[in-house]
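In: Need a 3D model of the sequence below.
(4 chains)
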2 protein chains.
Amino acid sequence: MGQPPQEVSPLSLNRLSLYLRCLRQLQDQGVTRISSQELARQFHLSAALIRKDLAQFGEFGIRGIGYQVEPLIETINVVLGLDREHRIAVVGMGRLGSALASYLGFNEGAFRIVAAFDSDRRKVGKKVGHLEIHHIEELTEVVRETQAEIALLTSPARVAQGIYEELTAAGIRAVLNFAPTQLAVEPDVPTKSVDVRIHLEELAFFLR
Amino acid sequence: MGQPPQEVSPLSLNRLSLYLRCLRQLQDQGVTRISSQELARQFHLSAALIRKDLAQFGEFGIRGIGYQVEPLIETINVVLGLDREHRIAVVGMGRLGSALASYLGFNEGAFRIVAAFDSDRRKVGKKVGHLEIHHIEELTEVVRETQAEIALLTSPARVAQGIYEELTAAGIRAVLNFAPTQLAVEPDVPTKSVDVRIHLEELAFFLR
DNA sequence: CCGTGTGAAGTCCTTCACAGCT
DNA sequence: AGCTGTGAAGGACTTCACACGG
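Out: Numbers count the residues shown, from 1 in each chain, chains lettered A, B, ... in the order given. Presented below is the predicted three-dimensional model:
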């Protein structure tokens, strides 16, 4: 189970997560093995691409048969680094932040929310699940204490850059940004953005 | 202001939305014109790519000068089909659905939410802003009445496919899916998915 | 015989570099 | 002189098609 390529293309990486979701679903249905063709057919993917994506990390299939579902899930988990817990801080406990917290809170798995922040003092001290909301002034301190690794940034756009810098300075190692702004990112802090408006605008294009 | 290419690459399309966001920000700051280089520098983009992306639709720049901010915004708006209102239905009024509704509700622009649905009868009849929540059984009828074009799908994963099919049957022309499942999509209904877990898994990869 | 793993071919996307316009 | 628009070069990603192993 080697892991030669330190470099994986972003597109391939994205698909690996996708395969994982599909495989978990198959596993729930009791499927124990599946070929790349069948996987492609059921989930509308490309069989050749599935094989290429997986083959970068070793030989996991059995020729003439296909892939064993459970070991393959475990392998992808290891490849993606999901074989240990990742500690998450949520910044901004508005509706979106709360939605994210509850979504991840119910899914025990590789991700655990260990801190929550908001700038509204009325929310500070309240509990979300078993988690206390901290004031954003305590961000640096609490991020350090809790050793959060990943931040979910759901602040308003105009303060996002400042918070981003505080987060990285406090030792956060990756950020998922939901604020609709173009962040100036730290090169060594992987950062992804999700912007609903941009997705909508892309859809609008097809409706002209 | 021609619009020759009916075909635009998804990547280019995504960047056009991005440029729009950047340009709107510049406009708010009172900037009236900008070169591709300066735009690239400020927002960490590629100057050559900006020019290629824009040049597919006509010649909007002035050689030796750059681009006029306001006319360029207007041009991209037209290219993306944002010069008219798009009617949106939100399915699932949990925390995520509510967050999306309030986010878009405050932003008067090309998108307007015209319908909201939930399967929980306790929520039915309640107002979100000036919008009444309908029971999901009324989906087909209300989508038709309100002539919603785009759906935001925030239901649980296991019912997402069924709702998707109802939506497209009822005349919805594009879907933004937040349910963590791989939809079997209608080929003529542009569909995009946003899955927070997949984004997190991609970030986790970089933390191994 | 069947399906994986993989070079080779093909397609798509980005960067380069410069002609041409202001 | 400065910057756009654009062919050409370069690189990245996907598909093809088949040798190989079970």
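In: Count the neighbours of the residue nearest to A:Ser102 when sequence neighbours are not counted for me.
Out: Sequence neighbours aside, B:Arg95 is the residue nearest to A:Ser102 in space, at 6.2 Å (criterion: C-beta to C-beta, 6 or more residues apart in numbering or on different chains). (Each C-beta comes from the backbone N, C-alpha and C, glycine too.) Neighbours of B:Arg95 under the rule other C-beta atoms under 10 Å in any protein chain shown: 19.
In: Quick check: B:Arg95 vs B:Leu200, distance?
Out: Distance, B:Arg95 to B:Leu200, by C-beta to C-beta, to the nearest Å: 18 Å.
In: relative to its centroid, which residue of chain A is most remote?
Out: A:Gly64 (34.0 Å; C-alpha atoms, centre = their mean).
In: who's in contact with A:Cys22?
Out: A:Leu39, A:Gln42, A:Phe43, A:Leu45, B:Gln182 (C-beta atoms under 8 Å, 6 or more residues apart in numbering or on different chains).
In: The first one: what's it in contact with?
Out: If I follow you right, that is A:Leu39. A:Tyr19, A:Cys22, A:Leu23, A:Leu45, A:Ala47, A:Ile50, A:Tyr67.
In: could you redo those as CSV and give each row distance to B:Ala148, pLDDT and secondary structure?
Out: Compiled in CSV, these are given as follows (distance: C-beta to C-beta, whole Å; pLDDT from 0 to 100; DSSP: H, G, I helix; E, B strand; the rest coil):
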residue, distance to B:Ala148, pLDDT, secondary structure
A:Tyr19, 33, 98, helix
A:Cys22, 30, 98, helix
A:Leu23, 34, 98, helix
A:Leu45, 30, 98, coil
A:Ala47, 36, 98, helix
A:Ile50, 36, 98, helix
A:Tyr67, 41, 98, strand
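In: Just the buried subset of the residues you listed, written out for ChimeraX, thanks.
Out: Remark: buried members of the contacts of A:Leu39, expressed as a ChimeraX selection using 16 or more other C-beta atoms under 10 Å in any protein chain shown:
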select /A:19,22,23,45,50,67
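In: among the contacts of A:Leu39, which are within reach of DNA strand C?
Out: Filtering these for proximity to DNA strand C (criterion: C-beta under 7 Å from any atom of the strand) leaves A:Ala47, A:Tyr67.
In: what residues go with each domain of chain A?
Out: Chain A resolves into domains spanning A:10-79, A:86-198 when parsed by automatic domain parsing.
In: Switch those over to a markdown table; also include distance to DNA strand D.
Out: As requested, these are exported to a markdown table (distance: least, C-beta to the nearest atom of the strand, whole Å):
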| stretch | distance to DNA strand D |
| --- | --- |
| domain A:10-79 | 3 |
| domain A:86-198 | 15 |
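In: for those domains, which one ends up most surrounded?
Out: domain A:86-198 (a mean of 18; mean count of other C-beta atoms under 10 Å in any protein chain shown).
In: Closest to B:Gly125 out of the contacts of A:Leu39?
Out: Taking C-beta to C-beta as the measure, B:Gly125 sits nearest to A:Cys22 out of the contacts of A:Leu39, at 38.2 Å.
In: I'd say A:Ser36 and A:Ala47 touch.
Out: Yes. Judged on C-beta atoms under 8 Å, A:Ser36 makes contact with A:Ala47 at a distance of 4.3 Å.
In: Return every residue with contacts to both of those two.
Out: By C-beta under 8 Å, 6+ apart, no residue touches both A:Ser36 and A:Ala47.
In: What is the three-state secondary structure of the spatially most central residue of chain A?
Out: Centroid-nearest residue in chain A: A:Leu176, 7.6 Å away (criterion: C-alpha atoms, centre = their mean). Following DSSP: H, G, I helix; E, B strand; the rest coil, A:Leu176 is assigned to strand.
In: ok now the strand ranked longest in chain A, how far from the chain's centre?
Out: With secondary structure taken from DSSP state E, chain A has its longest strand at strand A:111-118. How far strand A:111-118 lies from its chain's middle: 14 Å, per C-alpha atoms, centre = their mean, to the nearest Å.
In: So what touches it?
Out: Strand A:111-118 has contacts (C-beta under 8 Å, 6+ apart) with A:85-94, A:97, A:101, A:104-105, A:124, A:128-129, A:131-136, A:138-139, A:142-143, A:146-148, A:150, B:197, B:200, B:204.
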